[in-house]
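**Student:** Sharing a model prediction with you, sequence too.
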Amino acid sequence: QLVESGGGLVQAGGSLRLSCAASGIIFTANIMGWYGQAPGKQRELVARITPEGSTNYADSVKGRFTISRDNAKNTVHLLMNSLLPEDTAVYYCNAYQRRGPFDYNYWGQGTQVTVSS
């Protein structure tokens, strides 16, 4: 189970910190990620982090967003700075693991982020 928190309404230029608490999975075996889905658009990768701490980001958020994880607390965070109206989306936490030939994906329920201009 993945449970997100921290979304809300913020003005452009502001900041938000999203959190995702994981249970029922071997957290340290999963790549954790945040995906965003804007109205009328497909869900897209925003940022992800490996169990070892390697990260990658969508070009649109590089330098503004930071993903981090706490393996002791089974949590992953997304610090969102310098927010833009185009960052408005539902943000979903994802846990991914490949076991043998199979891919396992787990999703949270999503948290709304709205950035006003």
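**Tutor:** Thanks, I have it.
**Student:** Which strands or helices does the longest strand seen in the chain pack on?
**Tutor:** The residue-count maximum for a strand in the chain (DSSP state E) belongs to strand 89-99. Judged by 3 or more CB pairs under 8 Å, 6 or more residues apart in numbering; DSSP states H and E, the packing partners of strand 89-99 are strand 2-5, strand 16-22, strand 31-37, strand 44-49, strand 102-107, strand 111-116. Any C-beta I mention is one placed from the backbone N, CA and C, and that applies to glycine too.
**Student:** who does the fourth one pair up with?
**Tutor:** Pointing back at strand 44-49 there. For strand 44-49, the paired strands and their directions (DSSP bridges) read strand 31-37 (antiparallel), strand 55-57 (antiparallel).
**Student:** just the shortest one next, same as before
**Tutor:** Partner strands for strand 2-5, per DSSP bridges, with pairing direction: strand 16-22 (antiparallel).
**Student:** Can you tell me how far Asn81 is from Gly108?
**Tutor:** 22 Å (CB to CB, to the nearest Å).
**Student:** And the two? Which one has more around it.
**Tutor:** Just comparing Asn81 and Gly108: by other CB atoms under 10 Å the higher neighbour count belongs to Gly108, 21 against 14.
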